[in-house]
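> I would like to see how this sequence folds:
(one chain, ligands or ions: 2)
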Amino acid sequence: MATERTLSIIKPDATERNITGKIITKLEDAGLRVIASKRVWWKKKDAKEFYEVHKERPFYEELVAYMTSGPIVIQVLEGENAVAKNREVMGATNPVDAEPGTIRKELGVNIERNSVHGSDSVENAKKEIDMCFSNKELVG
Ligand code: UDP
Ligand code: MG
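Numbers count the residues shown, from 1 in each chain. Ligands and ions are numbered 1, 2, ... in the order given. Just a heads-up that it's a prediction; the model follows:
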């Protein structure tokens, strides 16, 4: 197994309910280490750029509106197998389908307001980390 880095976002539904600490605890308990973190409020342009891969999907415009509806916490997580590990702790996209104990099962509201984002591959993690952080902000 390799040490990897992945991008994590705590979404507006979670910052609104004041459960960022609960989420970070679950990530840390799984062996992931936060090596960069910032709380920001995205403009439409930021969300559109980040979710560009989904621009043809029917949920894109709503997703952009949702991700700009409140503050978010963007983090870089580091650890063994971090990309897959983070996805495992997050659970399936739709909280209804997520495994018991996962963030989305326990804390997610619905398929859109599902509390967290996580990169889906090492390659996309690199792209997303570059989009959100400068190298000097990564302080593992
Ligand atoms: N999403 C949505 N409706 C859908 C599928 C996804 O609103 O039918 C939102 C949801 O917030 C999801 C994000 O779009 O987390 C990105 O979708 P993706 O398929 O990449 O899911 P993820 O990788 O986040 O599990
Ligand atoms: Mg995805």
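
> Can you give me the distance of Phe59 to Leu27?
Relative to Leu27, Phe59 is positioned 25 Å away (criterion: CB to CB, to the nearest Å). In short, each C-beta sits where N, CA and C put it, glycine included.

> same question, Ala2
On the measure of CB to CB, Ala2 and Leu27 end up 18 Å apart.

> Look up the closest residue to Ala98, ignoring the ones flanking it.
Closest residue in space to Ala98, ignoring its immediate chain neighbours: Gly91 at 3.0 Å, by CB to CB, 6 or more residues apart in numbering.

> Let me see the contact set for Ile72.
Residues in contact with Ile72 (CB atoms under 8 Å, 6 or more residues apart in numbering) are 9-12, 15, 39-42.

> Of these - the most surrounded one?
Highest neighbour count within these: Ile10, with 25 neighbours (other CB atoms under 10 Å).

> Please enumerate the strands of the chain.
With DSSP state E as the criterion, the chain has strands at 3-10, 33-40, 72-80, 116-118.

> Including mean pLDDT and distance to ligand 1, could those go into CSV?
Formatted as CSV, the strands of the chain follow (pLDDT from 0 to 100; distance: least, CB to the nearest ligand atom, whole Å):
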stretch, mean pLDDT, distance to ligand 1
strand 3-10, 98, 9
strand 33-40, 98, 17
strand 72-80, 98, 12
strand 116-118, 98, 5
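
> CSV please, covering those strands and showing distance to Val53.
CSV is the format used below for the strands of the chain (distance: least, CB to CB, whole Å):
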stretch, distance to Val53
strand 3-10, 13
strand 33-40, 20
strand 72-80, 17
strand 116-118, 12
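
> Kindly reformat the contacts of Ile72 as JSON lines and extend each row with distance to Val109.
JSON lines is the format used below for these (distance: CB to CB, whole Å):
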{"residue": "Ile9", "distance to Val109": "15"}
{"residue": "Ile10", "distance to Val109": "13"}
{"residue": "Lys11", "distance to Val109": "10"}
{"residue": "Pro12", "distance to Val109": "10"}
{"residue": "Thr15", "distance to Val109": "13"}
{"residue": "Arg39", "distance to Val109": "20"}
{"residue": "Val40", "distance to Val109": "21"}
{"residue": "Trp41", "distance to Val109": "19"}
{"residue": "Trp42", "distance to Val109": "19"}
